[in-house]
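Asker: my questions concern the predicted model and sequence given below.
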Amino acid sequence: MAKYTSMTDEQLVNAYEKGSNEAFDMLLKRHKDRVYNYILRIVKQEDIANDIFQETFVKAIMTIKQGRYTENGKFPAWISRIAHNLIIDYYRQEKSENLQSTDIEDINILNRKELCESTIEDNIITEQITNDVKSLIKELPDLQREVLNMRYYQNLSFKEIAEQTGVSINTALGRMRYAIINLRRLAAEKEVVLTV
């Protein structure tokens, strides 16, 4: 085990891909406290945090074993992203399980999550999604990023965008279309969940 302590995360991932379970044990030892504390800080319940923590590393193992790990030099960010996505999945599942049938007479139909003030967890997830979208937008080509910013952040019509950028409306629409396609592709590549 001592030989693994001086290895980088990437070297450990490569060693694990080649069959060294000790390499993964070192990755787990190196990152478990940070990942667990991140999960616990959001979900606030130890049993749920433990479940999500275990699922995070199971998913990491499966991804690495399938040869799909591609985040060279960014293992901490990658494992945190997996944990983040699993937290979102947990809250989505909670939300769907809390939906009530209106056929039951003794249930107040106004007692619904969407009619309540947002929770701290909802705010954290929304903030994370906003940050994720902003970081994905930075990766778009300049012209696509410009149209997207003008449309969604400056609330301009496509006619106004066309006039300000000196292109036809069709060109502005085309740039927006490609921007959205590229955002979806980038989100899929980085396993970013953009919905609550």
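Answerer: Here it is on my side, so go on.
Asker: so E139 makes contact with E189?
Answerer: No: in this structure, E139 is not within contact of E189 by C-beta atoms under 8 Å, at 10.0 Å. To be clear about C-beta, it is placed using only N, CA and C from the backbone, and glycine gets the same treatment.
Asker: buried stuff in stretch 10-25?
Answerer: Buried residues in stretch 10-25, defined by neighbour count with 16 or more other C-beta atoms under 10 Å: 12-13, 15-16, 23-24.
Asker: secondary structure for these - can I get that in a markdown table?
Answerer: Below are these laid out as a markdown table (DSSP: H, G, I helix; E, B strand; the rest coil):
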| residue | secondary structure |
| --- | --- |
| L12 | helix |
| V13 | helix |
| A15 | helix |
| Y16 | helix |
| A23 | helix |
| F24 | helix |
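Asker: export these as CSV, with columns for distance to I61 and pLDDT.
Answerer: CSV is the format used below for the buried residues of stretch 10-25 (distance: C-beta to C-beta, whole Å; pLDDT from 0 to 100):
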residue, distance to I61, pLDDT
L12, 13, 91
V13, 11, 91
A15, 14, 90
Y16, 8, 89
A23, 12, 90
F24, 7, 88
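Asker: turn these into TSV, including distance to T130.
Answerer: Shown next, in TSV, are the buried residues of stretch 10-25 (distance: C-beta to C-beta, whole Å):
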residue	distance to T130
L12	33
V13	30
A15	37
Y16	34
A23	36
F24	33
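Asker: out of those residues, which is nearest to E160?
Answerer: Comparing these against E160 with C-beta to C-beta places V13 closest, at 48.2 Å.
Asker: who's in contact with the nearest residue to I61 once chain neighbours are set aside?
Answerer: Nearest residue to I61 in three dimensions, chain neighbours excluded: F24, at 6.8 Å (C-beta to C-beta, 6 or more residues apart in numbering). Counting by C-beta atoms under 8 Å, 6 or more residues apart in numbering, F24 makes contact with 12, 16, 61, 64.
Asker: how about 10 Å then?
Answerer: Taking C-beta atoms under 10 Å, 6 or more residues apart in numbering as the contact definition, F24 lies against 4, 12-13, 15-17, 57, 60-61, 64-65.
Asker: dump those into JSON lines; add distance to K95 as well.
Answerer: Compiled in JSON lines, these are given as follows (distance: C-beta to C-beta, whole Å):
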{"residue": "Y4", "distance to K95": "41"}
{"residue": "L12", "distance to K95": "36"}
{"residue": "V13", "distance to K95": "34"}
{"residue": "A15", "distance to K95": "40"}
{"residue": "Y16", "distance to K95": "35"}
{"residue": "E17", "distance to K95": "36"}
{"residue": "F57", "distance to K95": "25"}
{"residue": "A60", "distance to K95": "26"}
{"residue": "I61", "distance to K95": "28"}
{"residue": "I64", "distance to K95": "31"}
{"residue": "K65", "distance to K95": "32"}
